[in-house]
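Asks: kindly return the folded structure for what I paste below:
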Amino acid sequence: MRHNKKFNHLSRKTAHRKSMLSNMATSLIMHKRIFTTTAKAKALRKEVEPIITLSKEDTTASRRLAFQYLQDKKAVSELFQVISQKVADRPGGYTRIIKTGYRLGDNAQMCFIELVDFNENMLKTKVDKKARTRRSSKKKSEEESQAAELKKEKAESKAVETKVEKAEPKAPEQEPAEQLSEKAAAPEQDKQATEPKQE
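Replies: Got it, this is the predicted structure:
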């Protein structure tokens, strides 16, 4: 009986399966994306993610453990020099599986498996996507307080303006000198007009 033996044998003997997954892990590290069946991709994800986590600590011991699995010096150097820097802030989940349909010959389900941090298109859409906002009373209260402050400032400015107007009494407007001379000459002309002519 095979109770609790959940991993997929992929229809291969142990040695064949291990070497195949090792080669696939090397290809994924070197090319950042590979095209395979969904079953193999899921098996590969379990193998490659612990190795990427191992690469975050660049020591001789961790390099030896990675080489023990990958058996490729170039892949190990790529893993520790390039990939480890990109995934430094990510706490797991370094790979993504994207299903692409079914294979024509045997109708096997196909997919891409790729390293998440190396897909520029996906990263761009993530940045462009707006953060989901929630209606909160905190935000409303902040807006209300800002509005109240603006009202207070306006009221204070109006009060200052009215105080200034009251403090400075309006001086009587002085008429120009020409108008004053005309007014002075006008009563004399009226007197002459009212007086009867003496002959």
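
Asks: strands of this structure, start to end?
Replies: For the chain, strands defined by DSSP state E occupy the ranges 33-37, 95-102, 109-115.

Asks: among those strands, which comes closest to Thr59?
Replies: In terms of C-beta to C-beta, the element of these nearest to Thr59 is strand 109-115, at 22.0 Å. Yep, even glycine has a C-beta here, placed from its N, CA and C like the rest.

Asks: and the closest one, which residues are buried?
Replies: For strand 109-115, the buried set under the neighbour-count rule, 16 or more other C-beta atoms under 10 Å, comprises Met110, Cys111, Ile113, Glu114, Leu115.

Asks: my guess is the third one contacts Ile29. True?
Replies: If I follow you right, that is Ile113. No: between Ile113 and Ile29 no contact is recorded; they are 11.7 Å apart, counting by C-beta atoms under 8 Å.

Asks: who's in contact with Gly93?
Replies: Applying C-beta atoms under 8 Å, 6 or more residues apart in numbering to Gly93 gives the contacts Glu49, Val116.

Asks: what's the answer for Leu123, then?
Replies: Listed by C-beta under 8 Å, 6+ apart, the contact partners of Leu123 are Asp117.

Asks: what's the pLDDT at it?
Replies: We note a pLDDT of 78 for Leu123 in this prediction.

Asks: on that earlier part again, which one of the strands of the chain lies closest to Leu10?
Replies: Ranking those by distance to Leu10, with C-beta to C-beta as the measure, places strand 33-37 first at 8.9 Å.

Asks: do a quick rundown of the helices in this protein.
Replies: With DSSP state H applied, the chain shows helices at 14-31, 38-54, 60-70, 73-78, 84-86, 120-128, 137-167, 177-194, listed in chain order.

Asks: and the shortest one, what does it pack against?
Replies: So that's helix 84-86. Taking 3 or more C-beta pairs under 8 Å, 6 or more residues apart in numbering; DSSP states H and E as the contact definition, helix 84-86 has no neighbouring helices or strands.

Asks: can you give me the end-to-end distance of stretch 84-103?
Replies: Its start and end residues considered, stretch 84-103 measures 34 Å (C-alpha to C-alpha, to the nearest Å).

Asks: flag every buried residue along that stretch.
Replies: Neighbour-count burial for stretch 84-103, counted by 16+ other C-beta under 10 Å, picks out Ser84, Val87, Tyr94, Thr95, Arg96.

Asks: what's the closest non-adjacent residue to the third one?
Replies: Taking C-beta to C-beta, 6 or more residues apart in numbering as the measure, Tyr94 lies nearest to Ile52, with 4.7 Å between them; neighbours along the chain are not counted.

Asks: ok, that neighbour - contacts?
Replies: Under the criterion of C-beta under 8 Å, 6+ apart, the contact list for Ile52 reads Leu79, Ile83, Ser84, Val87, Tyr94.
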